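Visitor: below are the sequence and a predicted model for it; my questions follow.
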Amino acid sequence: MLEHKVNKRTSELSDINQKLERKIEEKSIIESELRDAHERISNALDSLRHHKFALDQHAIVGVADVKGKILYANDQFCAISGFSREELIGNDHRILNSGTHTKEFFREMYRTIASGAVWHGELCNRSKDGNLYWVATTIVPYLNSDRKPTEYISMRTDITARKKAEEDLRVAAVAFDTSDAIMITDSKANIVRVNKAFQKITGYSEEEVLGRNPRFMKSGRHPDDFYSDMWVRIKEIGYWSGDVWDKRKNGEIYPKRMSISAVKNADGAITEYVATFNDNTAQKKAEEEIHSLAFYDPLTSLPNRRLLIDRLRHALKISSRSHQYGALILLDMDKFKSLNDTMGHDYGDLMLIEVAERLQSVVREADTVSRLGGDEFVVLLEDLGAEQDGARNSAAQISEKIRSRLSAPYLLREYLHHSSSSVGVTLFHRDECPMDDLVKQADMAMYQAKESGRNTTRFFDPSMQEAVEHRALLELGLRSAISENQLSLHYQIQVSRDHRALGGEVLLRWNHPDFGMVSPAKFIPIAEESALIIEIGEWVLAGACKQLGTWKRDGKYEKMTLSVNVSAKQFLQKDFVSIITTLINANNISPSSLKLELTEGVALEDVDTVISKMQELSTVGVQLSLDDFGTGYSSLSYLSKLPLHQIKIDQSFIRNQATNSKDSLMIRTIINLASNFKLDVIAEGVETDNQLSFLRQFGCNAYQGYLFGKPVPFDEFENLLNQYGESTSIQ
């Protein structure tokens, strides 16, 4: 047993000795390899001296074998790369690769050193912490006895700072040649350098400005305080930016956006000033155009509604502080639409431009003339005095000058046009009245001027406000008048020469629940302006046709006609003819028993369309009468084209025929004209036997007026028909 243990221990000692011998042998081999490596590295480094390369204490040296494994790195190599010597030796050189260079760059490098030649160049490496650094590199191959490279010795010099400086210079050079002008001055503000953009914008060459102070380019538009404040800011915070007007070499004044920075040295002293700017002319022009479009009328160049409201708001604030009165004048040109319709919008525009010029020539320089749109203009007067009566007189004088000036003839190219204006005025004092209400008040006064016969001036007073509010209530009530059965039809008899009934005119009446019977003279214009006239007009036509149908079914008054007034808006509906024919067919009436009365204004709206519709209606068999003839634009040219059956003499001529020779002449002329055109003629407003005798004398054979009967409800109207009896003809 003891012998067995001894043998086992002996065997273990033998194994340990064998392992020690192997370790010693391996150590000997490693030491031999290290001696060989050190010898090769020493020889390689000696070859640098052979190639006359000086290795100073700052040299960065590394050695790698032909496979790229790092064999040696000096302290400087470790310092710049950030890796320890242990991390580098034995590692592949690609550990330093930055990814900056192309594969072709490295292929060319390796081809050079593999051939035994020395390679010179600049490398960008990446340090352990990820930062890039540049080294000027020389790689020398160490050749064995067969002249084959076995190691590569790399000697490097840190050039990172130089590369950064070069990049900064390159960027600076690019920046200096930017489209923005750059001007550099010394600490005394004398120009030392400018770029090409500066020369292009200012018109000065570099030679013309070097050594000069930039003040020679001043435009003269800025006060001295502007430049003083600029330099105070630059001195205090080292920077200034703003808009400047300067002068080019050719004398042109131009706007520019400029920034000035002070450059300081390490001691904080200013060494240079750098100014950058660009030509702001196009931007300024665009801003002015945008401002003009936003605040000025493009046709007349007058302030528009937006700018007027802004100035009125400002005027009210000033008035509140100064206690001075001001005035708002609103006007439009009388019958301007007829100019547009007859001569075209080009002539209308020429007139509006002339109106704008005349207005500006009449008012004071401090006053505002504005165009609201169409032919409406507003004049804002300020500082009219602290007394109301004096302010009113001043506003009245200016308004009269305006009205008088605008009444002078207008020469529009070759056409001499006569016009006038309706002027409304309202005073304002402090901020006693809201701004919107002032405009409404001037508008009310202007419409009062129109209703007073045009070509006149009216001042606003509270009664106008009451009238407007009453009108608004009427319009509101009129919208529900049909549905609430407030409207009714009255009839006024029409008779022949022998006092036989020819029929009657259908007239509309409105019994308002609060105001009682409202005059047609009040509510018909409201209906016209609000477009309610279309619905109301159809209701009247339907009522007239229904009555004609009842007569026909009863076999009564078969030869009588009912006349219905038709407004321009009604008549110009696209389906107006269809509406009439539908009513005729629905009530089974004779088309000739329905007579439509049209005013001359209808004929002038759209002559071709009107004639076409009238011809259609005439073909159907409906009779057409021209109402209020002689009060509008009576013209033989359109009278000859219209397929009329009758002309109606306006009651204004009948009323004054006994005292006004012109009216009596007009009546005779109309009767003769109707006879020549083979048209029937009827006179309305006949109230006396003298008027009837005069009309009979000159050949008028049909009459309507209080002499024969007032407009009455249908029952009373039928009694009149029975009383007068039915006529077979109006002649």
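Guide: That came in fine, so what should we check first?
Visitor: any low-confidence regions in the protein?
Guide: When residues are selected by pLDDT under 70, those of the chain lie in 1-58, 168-177, 291-292, 464-465, 468, 603-606, 630-638, 658-659, 727-731.
Visitor: domain parsing for it?
Guide: Domain segmentation of the chain under automatic domain parsing yields 38-160, 177-284, 295-460, 474-724.
Visitor: residues near the nearest residue to residue 316 once chain neighbours are set aside, how many?
Guide: Excluding the flanking residues, the one nearest residue 316 by Cβ to Cβ, 6 or more residues apart in numbering is residue 431, at 4.9 Å. Placement of C-beta: from N, CA and C, glycine included. For residue 431, the count of nearby residues is 12 (other Cβ atoms under 10 Å).
Visitor: any idea how far residue 431 is from residue 201?
Guide: Using Cβ to Cβ, to the nearest Å, we find residue 431 at a distance of 49 Å from residue 201.
Visitor: start to end distance for stretch 556-576?
Guide: One end of stretch 556-576 sits 28 Å from the other (Cα to Cα, to the nearest Å).
Visitor: swap in stretch 481-490?
Guide: 16 Å.
Visitor: quick one on the thing from earlier: format the domains of the chain as CSV; extra columns: distance to residue 467.
Guide: Output for the domains of the chain, formatted as CSV (distance: least, Cβ to Cβ, whole Å):
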stretch, distance to residue 467
domain 38-160, 87
domain 177-284, 50
domain 295-460, 8
domain 474-724, 10
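Visitor: which one, of those, ends up nearest to residue 166?
Guide: When these are compared by Cβ to Cβ, domain 38-160 sits nearest residue 166, at 9.3 Å.
Visitor: could you check how far that closest one is from the centre of its chain?
Guide: Centroid separation for domain 38-160 versus its chain: 70 Å, with Cα atoms, centre = their mean, to the nearest Å.
Visitor: neighbours of the residue nearest to residue 385 when sequence neighbours are not counted, how many?
Guide: Take residue 385 and drop its neighbours on the chain: the residue closest to it by Cβ to Cβ, 6+ apart is residue 391, 4.9 Å away. Residue 391: 21 surrounding residues under other Cβ under 10 Å.
Visitor: ditto for residue 186
Guide: By other Cβ under 10 Å, 14 other residues sit near residue 186.
Visitor: pretty sure it is touching residue 192, no?
Guide: Yes - using Cβ atoms under 8 Å, residue 186 makes contact with residue 192 at a distance of 5.4 Å.
Visitor: between these two, which contacts overlap?
Guide: Jointly contacting residue 186 and residue 192 under the rule Cβ atoms under 8 Å, 6 or more residues apart in numbering are residue 272.
Visitor: mind listing what residue 642 touches?
Guide: 603, 610, 611, 614, 624, 626.
Visitor: before we move on, what SS does it have?
Guide: coil (DSSP: H, G, I helix; E, B strand; the rest coil).
Visitor: so it versus residue 627, what's the distance?
Guide: To residue 627, residue 642 is 13 Å away according to Cβ to Cβ.
Visitor: sorry, back to before: from residue 399, how far out is the residue nearest to residue 385?
Guide: Taking Cβ to Cβ, one finds residue 391 at 12 Å from residue 399.
Visitor: equivalent analysis for residue 586, please.
Guide: 55 Å.
Visitor: repeat for residue 521
Guide: The gap separating residue 521 from residue 399 is 28 Å, by Cβ to Cβ.
Visitor: so for those two, which residue has more residues nearby?
Guide: The neighbour count for residue 521 versus residue 399, taken as other Cβ under 10 Å, is higher for residue 399 (25 against 7).
Visitor: show me what counts as buried in the strand or helix carrying that one.
Guide: Residue 399 is part of helix 388-406 when elements are defined by DSSP states H and E. Neighbour-count burial for helix 388-406, counted by 16 or more other Cβ atoms under 10 Å, picks out 391, 392, 394, 395, 398, 399, 402, 403, 406.
Visitor: just name the closest of those residues to residue 353, please.
Guide: Ranked by distance to residue 353 (Cβ to Cβ), the buried residues of helix 388-406 are led by residue 406 at 13.1 Å.
Visitor: tell me which stretches of the stretch 251-400 of the chain form helices.
Guide: Under the criterion DSSP state H, counting those that start in this stretch, the stretch 251-400 of the chain carries helices at the ranges 281-295, 305-322, 336-343, 345-362, 388-406.
Visitor: of all these, which one comes closest to residue 670?
Guide: Short answer: helix 336-343, nearest of the helices of the stretch 251-400 of the chain by Cβ to Cβ, at 22.3 Å.
Visitor: now the contacts of residue 642: which count as buried?
Guide: So, by 16+ other Cβ under 10 Å, the buried ones in the contacts of residue 642 are 603, 610, 614, 624, 626.
Visitor: count the residues that sit near residue 471.
Guide: Neighbours of residue 471 (other Cβ under 10 Å): 16.
Visitor: before we move on, back to that, the helices of the stretch 251-400 of the chain: which one's closest to residue 272?
Guide: Closest among the helices of the stretch 251-400 of the chain, using Cβ to Cβ: helix 281-295, at 28.1 Å.
Visitor: just how off-centre is the closest one within its chain?
Guide: Distance of helix 281-295 from its chain centroid, counting by Cα atoms, centre = their mean, is 12 Å.
Visitor: how about stretch 401-421?
Guide: Distance, stretch centre to chain centre, for stretch 401-421: 33 Å (Cα atoms, centre = their mean).
Visitor: sec struct for the residue nearest to residue 656 when sequence neighbours are not counted, please.
Guide: Once flanking residues are discounted, residue 656 sits nearest to residue 663: 4.4 Å by Cβ to Cβ, 6+ apart. The three-state assignment at residue 663 reads helix, by three-state DSSP.
Visitor: surely residue 663 meets residue 651?
Guide: No - under the criterion of Cβ under 8 Å, residue 663 makes no contact with residue 651, lying 10.8 Å away.
Visitor: hmm, back to that, as CSV, the buried ones among the contacts of residue 642 with secondary structure would be great.
Guide: Listed next are these as CSV, based on three-state DSSP:
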residue, secondary structure
603, helix
610, helix
614, helix
624, strand
626, strand
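Visitor: pull the most distant pair out of those.
Guide: Across these, no pair lies farther apart than 610 and 626, at 11.4 Å, counting by Cβ to Cβ.
Visitor: quick one: residues contacting residue 159.
Guide: Taking Cβ under 8 Å, 6+ apart, we find residue 159 in contact with 122, 134, 135, 136.
Visitor: for the closest residue to the third one other than its chain neighbours, which residues are in contact?
Guide: The reference is to residue 135. Among residues not flanking residue 135 along the chain, residue 156 sits closest, at 3.9 Å (Cβ to Cβ, 6+ apart). By Cβ under 8 Å, 6+ apart, the contact set of residue 156 is 59, 60, 61, 62, 77, 80, 123, 135, 136, 137, 138.
Visitor: quick one: residue 156 is in a strand?
Guide: Yes - in this structure, residue 156 lies within a strand as judged by three-state DSSP.
Visitor: any idea what it is bridged to?
Guide: Beta bridges link residue 156 to residue 60, residue 137 when assigned by DSSP bridges.
Visitor: now residue 69
Guide: Applying DSSP bridges to residue 69 gives these bridge partners: residue 92.
Visitor: can you tell me which residues contact it?
Guide: The contact partners of residue 69, by Cβ under 8 Å, 6+ apart, come to 90, 91, 92, 93.
Visitor: same thing with residue 61?
Guide: Contact partners of residue 61, counting by Cβ under 8 Å, 6+ apart, are 45, 55, 72, 73, 74, 76, 77, 153, 154, 155, 156.
Visitor: now do residue 514
Guide: residue 477 are the contacts of residue 514 under Cβ under 8 Å, 6+ apart.
Visitor: can you tell me which residues contact residue 516?
Guide: With Cβ under 8 Å, 6+ apart as the criterion, no residue contacts residue 516.
Visitor: tell me how far it lies from residue 477.
Guide: Per Cβ to Cβ, residue 516 is found 12 Å from residue 477.
Visitor: same check on residue 306?
Guide: For residue 306 relative to residue 477 (Cβ to Cβ), the value is 35 Å.
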